[in-house]
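[1] whatever this is, show me its structure:
(2 chains)
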Amino acid sequence: MARLTVEHVARIEGHGNISVDVADGVVRDIHMDIVEPARFFESMVCGRRFDEAPLITSRICGICSPNHVVTSIKAMEAALGVEVSERTKLLRKLLVYGSYLQNHATHLYILAAPDYVGLPSVFPLAESAPELVVRALRLKKLGNDLTTATGGRQVHPVTAVVGGFTSEPEADILAGFRDKLLGVVEDALSTVELFASFQVPEFATSGEMLALTADDDYAIYDGDTTALDAGWRRPAGEYRSFIHEDVVGHSNAKHATVDGRTFLVGSVARIDINAGKLNDAGRRGLSLSGVALTTRNPFHMNVLQAVELADASARCAGYIERLLEMGGSSRPVQFHIRAGEGGGATEAPRGTLYHSYAVDDDGIIVRGDVITPTAQNLANLEADMRAFAPTVVDREQSEFTTLVEELVRSYDPCLSCSVH
Amino acid sequence: MAPRVVVLSLASDFGCQVQITNMTDQILDVLGVIDLTYWQLATSGHLPAEYDVAIIEGAATTDEHVALLKKVRETAAAVVAIGSCANIGGVPAMAREGDLEERYATVYGGAAVAVGRIMPRPIDAVIDVDYRVPGGPIDTPEFLRVLSKVLQGLKDDTPDKTMCASCKLNETVCFFDQGQVCLGLVTRSGCAARCPSLGRPCTGCRGVAPDANLGSAREILVRYGQDPDELDRLLRIYNTSREVPV
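    As a prediction, this is how the structure comes out:
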């Protein structure tokens, strides 16, 4: 075995190759080449009108498009000094969580699970384990339906705009979702049990952990950025002052560091930092997962996404309860267009997503900046690959590459996002 | 023998492929009538040497994409372009406007990057396309309708008309009457004017309809007191490929 290449790693979003250089049983070099062409979103928004940023940047990612829409809107509202209603905030949380249900279900069942049942795809399971496929599709469908109800469609939602929503679901439709969401908590807990039953390698990342934290919620929409080891908490909108990005030779995606260290975002970081904010369903899930609170194992991303599914289902039912009681309006608020700069963040299914913009007096965008979760994770993923590969280099070649691919898939990378 | 189907993606956000996974009520039935031989997003394995139907998402952007498309055209009996990027260039083709070198400088600070220069363009700028599912992203019911046509060997019948009649059917109040510019008056119909029915003017993700009259559309903007250049400015989100040739 000398140079090994896994071209177009399967069951991830986007195109990437793994290159490994092995000599005499020693891993000399290993990296993840992102072969997605550069996409230039940060320059394409320049010269466009402020309200077009969510529409354009949403096309960075068809998988977490609700997050791009909401994050872009938040950054633009920070730049323009727009305050939105509590009702709007709750609806935005539902929109983002719809994306979580859809994404986590897709990642867990369609992209990751085949690794652990020894199949090339999930589809053969439709015959051998139909209940599992039906459960997967039920969770995914509910996520899609929730995104469609709040955002107008499941991919690239349209109703969320700077200031509020152009349309929102009727009360009886919302009430229907509350019941359906409570109805899938058990599905989510079964998903935790399923992924807890899969053997994953013992491994610990050496990277820092970053996630949003809020005082009153499991942060996905609001909150500051917290660094677990360094112990700091900083305003997320000022991310450009603490996340450092470098261009690297072998990839169209930049590599990110914080305090000079690579770092991990996503379900492991979120739960390590915010476990205390999980609701009953989430805590039950965490206990079923068997994962220690201080895990540093990126292979636990899968089972902890399942824990988040349980938490999110019950949490969204609670948001709907509040929406049904509170009244108020989500109609876009009035605001004045002025020059300004601002940033915003949300937790996307695979980690924190940051956007920031500067606009001129006419609301024309003069600077745009986006850091996607995968762009943050890539440097850490490569560091993990370098640390992990030598521990399994003595395995059969096919098992070796599968294990390295599993590590990549655990990160739930979104490569087209990473080259935005 | 069930038709052998491959799903391929070029430069895109994978959103249309996500929409295929999103046909949760029908996906198992569809898989019962086709032989899905390659789909990088959902299955392990390599693109086979032979297949009957190629479903392609994304804009042709690199030399590798062009070579792949030519090979696909030689192999597949039917090529299906799905989504804005594959059909009209879409948002990725916004990068064609202006100076590409400047874009490298803005985004990468001029540093050398791994993959060469790019030129995003619709698939039909490279090969002939047999079937189209427009939209950014595709609508799953429309995808299913087109897929059944492909499987039955029926002709593509993507509507050529613009969207205004759909708003009339929906009884949506016209955005022009509310002082806003809407691209529905030149955009290909078939989406039931979903965005206008949700309070958002059309942004043209399905492309300019073959029946559209851009000259009259500009006149309509003038009649409503709007700057006619606004029509072209808005068309430069999804439809840049129309006016900037490769």
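
[2] where does chain A get nearest to chain B, which residue?
    A:Gly62 (2.1 Å; CB to the nearest CB). The C-beta positions use only the backbone N, C-alpha and C, and glycine is treated the same way.

[3] relative to A:Phe203, how far out is that residue?
    Distance, A:Gly62 to A:Phe203, by CB to CB, to the nearest Å: 30 Å.

[4] more neighbours: which of the two?
    Legend: neighbour count by other CB atoms under 10 Å in any protein chain shown for A:Gly62 and A:Phe203, higher for A:Gly62 (27 against 18).

[5] ok so, going back, part of a strand, is the residue of chain A closest to chain B?
    No - counting by DSSP: H, G, I helix; E, B strand; the rest coil, A:Gly62 is not found in a strand; it is coil.

[6] count the residues that sit near A:Ala348.
    A:Ala348, neighbours per other CB under 10 Å, totals 29.

[7] cool, and B:Gln152?
    7.

[8] quick one: low-confidence parts of chain A?
    Scanning chain A for pLDDT under 70 picks out the ranges A:1-2, A:250.

[9] just want the most central residue of chain B.
    B:Ser84 (1.7 Å; CA atoms, centre = their mean).

[10] my guess is that one contacts B:Ile123. True?
    No - counting by CB atoms under 8 Å, B:Ser84 does not reach B:Ile123; the two are 11.5 Å apart.

[11] shared neighbours of those two, which are they?
    Common neighbours of B:Ser84 and B:Ile123, using CB atoms under 8 Å, 6 or more residues apart in numbering or on different chains, do not exist here.

[12] picking that back up, so the residue nearest to the centre of chain B sits in a helix?
    Yes - under three-state DSSP, B:Ser84 falls within a helix.

[13] ok, it - contacts?
    B:Ser84 neighbours (CB under 8 Å, 6+ apart): B:Gly90, B:Val91, B:Pro134, B:Gly135, B:Gly136, B:Pro137, B:Cys205, B:Arg206, B:Gly207, B:Tyr238.

[14] which SS class is A:Val20?
    Note that with three-state DSSP, the state of A:Val20 is strand.

[15] got the contact list for stretch A:123-130?
    If you take CB under 8 Å, 6+ apart as the criterion, stretch A:123-130 is touched by A:Ala113, A:Val117, A:Leu119, A:Leu132, A:Val133, B:Leu28, B:Leu31, B:Leu36, B:Ala42, B:Thr43.

[16] tell me how chain B divides into domains.
    According to automatic domain parsing, chain B is divided into the following domains: B:4-152, B:164-241.

[17] so how far is the shortest one off the chain centroid?
    I take that to be domain B:164-241. The chain centroid and the centroid of domain B:164-241 are separated by 17 Å under CA atoms, centre = their mean, to the nearest Å.

[18] identify the bridge partners of A:Ala348.
    A:Gly351 (DSSP bridges).

[19] what's it in contact with, if anything?
    A:Cys64, A:Asn67, A:Thr71, A:Val96, A:Ser99, A:Thr372, A:Pro373.

[20] same check on A:Asp216?
    So A:Asp216 contacts nothing (CB under 8 Å, 6+ apart).

[21] ok so, going back, leaving out chain neighbours, which residue sits closest to the residue of chain A closest to chain B?
    Excluding its sequence neighbours, the residue lying closest to A:Gly62 (CB to CB, 6 or more residues apart in numbering or on different chains) is B:Gly15, at 2.1 Å.

[22] any idea how many residues pack against that neighbour?
    B:Gly15 has 29 nearby residues by other CB under 10 Å.

[23] could you do A:Lys277 as well?
    Neighbourhood size, A:Lys277 [other CB under 10 Å]: 19.

[24] what about the closest residue to it other than its chain neighbours, how many neighbours?
    Of all residues not flanking A:Lys277 in the chain, A:Tyr218 sits nearest, at 4.3 Å (CB to CB, 6+ apart). Neighbourhood size, A:Tyr218 [other CB under 10 Å]: 23.

[25] which element is A:Tyr218 on?
    Using DSSP states H and E, A:Tyr218 is not contained in any helix or strand.

[26] now do the same contact list for it.
    With CB under 8 Å, 6+ apart, A:Tyr218 has these contacts: A:Arg270, A:Asn274, A:Lys277, A:Leu278, A:Asn279, A:Gly282, A:Asp311, A:Arg315.

[27] in contact with the residue nearest to A:Gly62, which residues?
    A:Arg59, A:Cys61, A:Gly62, A:Ile63, A:Ser65, A:Val155, A:His156, B:Gly83, B:Gly136, B:Pro137.

[28] same check, this time on A:Ser190
    A:Arg135.

[29] is A:Thr213 in contact with A:Thr226, as I believe?
    Yes - with contact defined as CB under 8 Å, A:Thr213 counts as touching A:Thr226 (4.4 Å).

[30] overlap of the contact sets of the two?
    A:Arg233, A:Ile273.

[31] rewinding a little: pull out the buried members of the contacts of stretch A:123-130.
    Buried subset of the contacts of stretch A:123-130 (neighbour count, 16 or more other CB atoms under 10 Å in any protein chain shown): A:Ala113, A:Leu132, A:Val133, B:Leu28, B:Leu31, B:Leu36, B:Ala42, B:Thr43.

[32] which two among the residues you listed are spaced furthest apart?
    Greatest spacing in the buried ones among the contacts of stretch A:123-130, by CB to CB: A:Leu132 and B:Leu36 (19.0 Å).

[33] show the residue spans covered by the helices in the stretch 151-300 of chain A.
    Using DSSP state H, counting those that start in this stretch, the helices of the stretch 151-300 of chain A run over A:171-183, A:185-196, A:267-274, A:280-289.

[34] B:Val66 is nearest to which of these?
    In terms of CB to CB, the element of the helices of the stretch 151-300 of chain A nearest to B:Val66 is helix A:267-274, at 38.7 Å.
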